[in-house]
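Peer 1: Please find the sequence and the predicted model below.
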Amino acid sequence: MSGDLIFMMGIFEVRFPSDRNYFESHLWLQRSGENYRVGFTAYSVRLLQDVYFLDWAIDPDTVVRKKQEIGEVESSKALSTLYAPADGRIVAFNDAVLDDPSVINTDNYGAGWLFEFATDAQTLTPTEYLEHLAAGWESTQRMIKGQMNE
Amino acid sequence: MAGQRITVVISQSQSKNPQVRQLEEEIATQLMLDGSVEVSLIPHLYDLTADHPGMLFLKSVPGDLVVLSWLYPRASRWILDRNGIGGQEGVSELKSAEEEEAEDEDEQFQPSENAIGALNPPKRKIYTIDLRVRDSADEFLAEIKRIAQSTAVQTVDLMGWIGGNPQPQQLQQYLNPQKNGNGHVSATDNGDGNGHAIDNGSPVKRRWYPVIDYSRCTNCMECIDFCLFGVYGVDGADRILVEQQDNCKKGCPACSRVCPENAIIFPGHKTPGIAGADEGGIGNLKIDLSKLFGAPSALELAAQERDTELVADGREAVGMTVGIPKRQQSTSEKRDELDDLIDGLDELDF
């Protein structure tokens, strides 16, 4: 899309649609009815690569605090706990990605959304998210390389 | 002679990890080609409801049964038991490194003498094997062969082990069953009856509920007192029972921490002891001083977890005031871990 912002992860180009906002924890959020839909940004997906398994540790319609553990993701590159991006209420999960998590890879900004979220939290504009990425890129690379050399 | 053959059921992982899928399919394919056992594929055992075709199939198996799953053997054994699929515990020789170590050190968990046990299990044997203990299909196949042979000796019918060979096309059909969303058995039986996949086409919803290990449970009722969500009940013989599985709160393992016999399993929990691993091994040899430094006890943690779920339901937090007193009394009479730890320190050679 023409309005997309672009960030270079090394030589790899990742896109961020400008029709939505972002969380620092590399999730996007977009208004959907009364709530927001939340999903992985292209940056997260690039680091995860093929997603094999997604599981939630809470029931839908649960009030969460920022950084509370909410689930787990397994991919070809990583196994990670997932945390609430902000204070709010997780209203519903996208059952389709539980059954077939590969949608996260094929359509992370669309059908691969993760959950519906009700929140009043401050979020980042696309430009602010890009600045956040640029500021963190060096340390992210160091973090990943450091783990690989362990 | 098919009645004499043992049945091998492969419960598939929730993960779409290709290595995981490959192991499942390689075991299934080899068993089919060999033809000496019945083999079926079902979705993840823990997620199956009582009326799912995969569970109905398991209930229909009359003879010896081998269940391979991505669960600890105790977890799958007692999930089966809860669904009325009982039998004598078959002993697999495939164990995790931790279990073998625990056996060498002779420090396996000793169930209480007052454990109530399974309710009238039939004579047939059920072997539950964890697919995570080995990486190669060959070791699982060798173990299945060993189990099949030991059973064959008992039934004195070696002729029953000669089976047919599937056509390549049948094998293909078996490994890639037709999607079938209507909930009926989509068994792609290959004609000579030694392999099919059962309803792997229709998605199964993830579930979360406790599983009671009756070889440890003493029917003390602490869990039913502690849980405030109506998960537990008792059967006609006043035996504790996980009655309303889906009343359970996703992610909450609190009752498992409260159980004095470690008899409550949450197969999907991250902590191996809660997910059904046998305790023992190197972890128990290390001194854990975290309690001295202010970490919550298992009971405190359980009360916190329960409060979180109560508040989420719009109810009042109850802290340590409900469902806990009995245990505190009984532990205060006994030596506690700290007593053992302090005495144990003297014996250590620093």
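Peer 2: Structure's in. What do you need? Remember, it's a predicted structure, so these values are computed and weren't measured experimentally.
Peer 1: C-alpha from now on. contacts and neighbour counts both.
Peer 2: Will do.
Peer 1: just the CA coordinates of the biggest helix by length in chain A, formatted as PDB?
Peer 2: Determined from DSSP state H, the single longest helix within chain A is helix A:126-148. The C-alpha trace of helix A:126-148 is given here as PDB (Å, rounded to 0.1, in the frame of the first residue of the first chain):
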ATOM      1  CA  PRO A 126       3.100   4.900  12.900                       C
ATOM      2  CA  THR A 127       5.800   7.500  12.800                       C
ATOM      3  CA  GLU A 128       6.400   7.200  16.500                       C
ATOM      4  CA  TYR A 129       6.600   3.400  16.200                       C
ATOM      5  CA  LEU A 130       9.100   3.700  13.400                       C
ATOM      6  CA  GLU A 131      11.300   6.000  15.600                       C
ATOM      7  CA  HIS A 132      10.900   3.500  18.400                       C
ATOM      8  CA  LEU A 133      12.200   0.700  16.100                       C
ATOM      9  CA  ALA A 134      15.100   2.800  14.900                       C
ATOM     10  CA  ALA A 135      16.100   3.600  18.400                       C
ATOM     11  CA  GLY A 136      15.900  -0.100  19.500                       C
ATOM     12  CA  TRP A 137      17.300  -1.800  16.400                       C
ATOM     13  CA  GLU A 138      20.900  -1.900  17.500                       C
ATOM     14  CA  SER A 139      20.100  -3.400  20.900                       C
ATOM     15  CA  THR A 140      17.600  -5.900  19.300                       C
ATOM     16  CA  GLN A 141      20.400  -7.200  17.100                       C
ATOM     17  CA  ARG A 142      22.800  -7.400  20.000                       C
ATOM     18  CA  MET A 143      20.100  -9.300  22.000                       C
ATOM     19  CA  ILE A 144      19.500 -11.800  19.200                       C
ATOM     20  CA  LYS A 145      23.100 -12.400  18.400                       C
ATOM     21  CA  GLY A 146      24.000 -12.600  22.100                       C
ATOM     22  CA  GLN A 147      21.500 -15.500  22.500                       C
ATOM     23  CA  MET A 148      22.700 -17.200  19.400                       C
END
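Peer 1: which parts of it are buried?
Peer 2: Buried residues in helix A:126-148, defined by neighbour count with 16 or more other CA atoms under 10 Å in any protein chain shown: A:126, A:129-130, A:133.
Peer 1: Other residues contacting that helix?
Peer 2: By CA atoms under 8 Å, 6 or more residues apart in numbering or on different chains, the list of residues contacting helix A:126-148 from outside reads A:5, A:7, A:9, A:16-18, A:20-24.
Peer 1: circling back: quick check, nearest of the buried residues of helix A:126-148 to residue A:47?
Peer 2: Set against residue A:47, the nearest of the buried residues of helix A:126-148 by CA to CA is residue A:133 (13.0 Å).
Peer 1: and the gap between the closest one and chain B?
Peer 2: Separation of residue A:133 from chain B (CA to the nearest CA, to the nearest Å): 29 Å.
Peer 1: swap in residue A:104?
Peer 2: From residue A:104 over to chain B the distance is 13 Å, taken as CA to the nearest CA.
Peer 1: Make sure that residue is actually in contact with residue A:51.
Peer 2: Yes - counting by CA atoms under 8 Å, residue A:104 touches residue A:51, with 7.0 Å between them.
Peer 1: Contact residues of chain A facing chain B?
Peer 2: Proximity of chain A to chain B, by CA under 8 Å from any CA of the partner chain, involves residues A:52-54, A:57-59, A:62-63, A:74-76, A:99.
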